[in-house]
Each structure stands twice: as structure tokens, then as C-alpha cells.
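Trainee: Starting from these lines, generate the structure:
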Amino acid sequence: MSEIDILSFGETMAMFVAEQSGDLADVGQFHKRIAGADSNVAIGLSRLGFKVSWLSRIGADSLGRFVVETLEREGLDCRFVETDPAHPTGFQLKSRADDGSDPRVEYFRRGSAASLLSVQSIVAELLEARHLHATGIVPALSESARQMSFELMTRMREAGRSVSFDPNLRPTLWASQQQMIREINRLAALAHWVLPGLSEGRLLTGFDDPADIAAFYLDQGAEAVAIKLGPNGAYYRTQQDQGFVPGVPVTKVVDTVGAGDGFAVGMISALLENFSVPDAVQRANWIGSRAVQSRGDMEGLPTRAELSAGSEAANREQARSHTGSHAPTDPLWERACSR
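Mentor: Below you'll find the model as predicted:
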């Protein structure tokens, strides 16, 4: 039996977060952290006790060493991270948004070591993992990284492993929107669990209603689709069931980046623990709500103890409010849940 619970892959960048709000050009002090949707999910799953292997590439530079050391402190198995002596580790600058709005991010990743990920990076041992998590970011980095994404997802699915996929659209990395939609939907067709945001689902499928978006991916072979609705919660659909799970109220939004990654952590962890899809969505909503209350992309992701304590508190609150899984009084959700 494999010692790897979950395989995740992608690009982890160094991130310099502004200590003051305002234009990045005027900021004089930054705090160094790491960033990357794929590794955010990997870290979140590791904090919950899963054995997670990380597949990536870094430059032979100080930022690359910082990235790997940070991931290893989070418990990730980084044995399969390649060091490239000719290409640098990518990095980004992130503004500070004190009003709860989305921060501004400037990327410096073109030609990075991770953009040269390829099928040659795949090691046989990794294919023994119980689960694969993939996103739409890696295939946007380069043609070779795209081929690797397809190869990994295809081989894992054919081997009977479960596969999750978050579109995580990055339009500026693609040659055209048409190409992005085509390639992302090809990848989604290889996943068991598809986790788009509502705006992503609308762009990728051409449908407005969550039920129709979910049906699009179920028809392609997905077993479950969960559509993120931000603070409103999420809509889910399987071949047997569908419904709406309300969001978790948040007093103050500190940083919106990473909320979707927290949602993925909740869904994947719960489904691997054989929770029902509605219960998985409830966990996903709660972890997503924690993510927006912390500054940084992954700092708010909980440990197993924090998850247990938070879940108990959320259950008590839900029992008091009697909200159950009722959808908001919006015709969109009424239509979706009647299909």
C-alpha cells in the first residue's frame, strides 16, 4: 500500500506581501511568504493529517530554498521537487487591502523553473497515491506543463484513484479565452470531483444556473460538482442528489485570497473520509470562511484540532439558527434546486 495519501503538483512562488496599504510602488516594507493555489491545498490537507507529496520545480536560488523549507515545515514530502540551475523560482508582490477587497498581485513567473514541468517529472512512486488534486493553473504555464497535467490525471483515473479538479482560471496565462475554455474542460472531464466558482462555471460552460453548470460536468464523467458562491455558500450536485449549503458568516474579511483553496481542502478531506457530499460542502464552507479571516494565502487553514473545535461550534450555531440547508430566497437557487 502506498504511503502517499494525496499527490499535488504545481508552482509555489515566493510572495512579498506589503506591510502598508496603498500603491505597491510606494510600499517600502514587505513580508516574505509563499504563494500558490496548488500548494495551499496541499498544505491544508497536510495540516489535517494527510500524507501529501508535492511535485514541482524550483530554481537553484535562495527563493527556491525558502519555498521548499517552508513546505517541508508544513509537513509536505518534497523529495520529488526538482532544482533547475538555469531557470529561477517565480515570485509575486501582493498589496495590502484593509477594506476587505481583493488585493492587487503582480506576478514575476514567466520562464520560471516550474513552467518547465513536463511528463519527465512524473515518478512512478507518485502514481501510487490514493488521490490526485489538480488545478487549471499548471496547464496554463506551458505546453509541457499542460501535457503533464493531462498525463497525471489520465493515469491516476485509469488506475482507479480519485481525482479532484479546481479550474482556478488564470486568463492572462493563456493564449486566448477559447483555448483556456477548451483545455480546462478537457481536464475537468478527467476528474471525479469538480470545484468551480460560479463565474468560472458560467464562463466555461455557457450556462447561468448552477444546476446546468453542474450537469455539464456530470455529463462528462464527474461524480460530484460543488460550485462556490462566495459568502453565500455553495451549490452541489451528484447523479443522485443536489442542494445548497449556506455560507458561514464572517465578521470581518481580512484577505480574500485563498478562500477557494480552503474550500477545496474541506471538500477533498471530507470526501476522502467518506463524508456525504452535503457534509463535505459544509466543511468546505467553514474552512473557506477561516481563510478570509487571516492575512496570507494559507495562514488561516486549520489543523485537525482546530477543525474539530470549529465544526462543533458551527454545528451548535446551525442548530440554534435552524437554517438547515435552505437556499436563499433568490430565483436562481430556487430554479437550480428544482431541477
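Trainee: Please make it C-alpha for all contacts and neighbour counts, starting now.
Mentor: Will do.
Trainee: Could you measure from the most centrally placed residue in the chain over to Gly310?
Mentor: By C-alpha atoms, centre = their mean, the chain has its centre lying nearest to Asp261, at 3.4 Å. Spatial separation of Asp261 from Gly310 under the definition C-alpha to C-alpha, to the nearest Å is 18 Å.
Trainee: Let's see the pLDDT reported for Gly300.
Mentor: The pLDDT attached to Gly300 in the predicted structure is 77.
Trainee: what do you get for Gln29?
Mentor: At Gln29, the predicted lDDT confidence score is 92.
Trainee: before we move on, what about Asn274?
Mentor: The predicted local distance difference test score for Asn274 is 96.
Trainee: contacting residues around it?
Mentor: Applying C-alpha atoms under 8 Å, 6 or more residues apart in numbering to Asn274 gives no contacts.
Trainee: Look at it and tell me its secondary structure.
Mentor: Using DSSP: H, G, I helix; E, B strand; the rest coil as the criterion, the local structure at Asn274 reads coil.
Trainee: How about Met267?
Mentor: When the structure is reduced to helix, strand and coil (three-state DSSP), Met267 reads as helix.
Trainee: what about it, distance to Asp241?
Mentor: Taking C-alpha to C-alpha as the measure, Met267 and Asp241 are separated by 16 Å.
Trainee: next one: Ala214
Mentor: Following C-alpha to C-alpha, the distance that separates Ala214 from Asp241 is 11 Å.
Trainee: So Ser269 is in contact with Leu45, correct?
Mentor: Yes. With contacts defined as C-alpha atoms under 8 Å, Ser269 counts as touching Leu45 at a distance of 6.7 Å.
Trainee: quick one, which of these two is more surrounded?
Mentor: For Ser269 and Leu45, the more surrounded residue by other C-alpha atoms under 10 Å is Leu45, and the numbers stand at 28 against 21.
Trainee: Heading C-terminal from the helix or strand hosting that one, find the next helix or strand.
Mentor: Per DSSP states H and E, Leu45 falls inside helix 37-47. Where DSSP H and E defines the elements, the next helix or strand beyond helix 37-47 is strand 52-59.
Trainee: Number of residues surrounding Ser53?
Mentor: Around Ser53 sit 25 other residues, with neighbours defined as other C-alpha under 10 Å.
Trainee: Please apply the same query to Asp212.
Mentor: Around Asp212 there are 18 other residues, counting by other C-alpha under 10 Å.
Trainee: Tell me the spacing between it and Ile227.
Mentor: Using C-alpha to C-alpha, which is the criterion applied here, Asp212 is 11 Å from Ile227.
Trainee: before we move on, what about Val27?
Mentor: Note on Val27: its distance to Ile227, by C-alpha to C-alpha, is 36 Å.
Trainee: These two: which is more packed in?
Mentor: A side-by-side neighbour count of Val27 and Ile227, using other C-alpha under 10 Å, places Ile227 first with 24 against 15.
Trainee: quick one, what contacts the more buried one?
Mentor: Contacts of Ile227 (C-alpha under 8 Å, 6+ apart): 195-198, 201, 210, 214, 234-236.
Trainee: try it again with 7 Å
Mentor: By C-alpha atoms under 7 Å, 6 or more residues apart in numbering, the contact set of Ile227 is 195-198, 210, 234-236.
Trainee: cool, Ser112 as well?
Mentor: When contacts are counted by C-alpha under 7 Å, 6+ apart, Ser112 touches 87-90.
Trainee: Run a quick neighbour tally on Val292.
Mentor: 26.
Trainee: Give me the distance between it and Gly201.
Mentor: Counting by C-alpha to C-alpha, the gap between Val292 and Gly201 amounts to 22 Å.
Trainee: And Gln120, by the same measure?
Mentor: Gln120 sits 32 Å away from Gly201 when distances are taken as C-alpha to C-alpha.
Trainee: So between these two, which is more surrounded?
Mentor: With other C-alpha under 10 Å as the criterion, Gln120 and Gly201 differ in neighbour count, and Gly201 comes out ahead with 23 against 8.
Trainee: can you pull the pLDDT of that one?
Mentor: The predicted local confidence for Gly201 comes out at a pLDDT of 98.
Trainee: Just the residues contacting stretch 178-193, thanks.
Mentor: The contact list for stretch 178-193 (C-alpha under 7 Å, 6+ apart) reads 136, 150, 153-154, 157, 162-165, 167, 174, 194, 204, 217, 220-225.
Trainee: re earlier: include neighbour count, distance to Leu7 and secondary structure when you put the contacts of Ile227 into CSV, please.
Mentor: As requested, the contacts of Ile227 are arranged in CSV below (neighbours: other C-alpha atoms under 10 Å; distance: C-alpha to C-alpha, whole Å; DSSP: H, G, I helix; E, B strand; the rest coil):
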residue, neighbour count, distance to Leu7, secondary structure
Leu195, 27, 17, coil
Pro196, 25, 20, coil
Gly197, 21, 23, strand
Leu198, 20, 26, helix
Pro210, 27, 29, helix
Ala234, 26, 25, strand
Tyr235, 26, 26, strand
Tyr236, 24, 24, strand
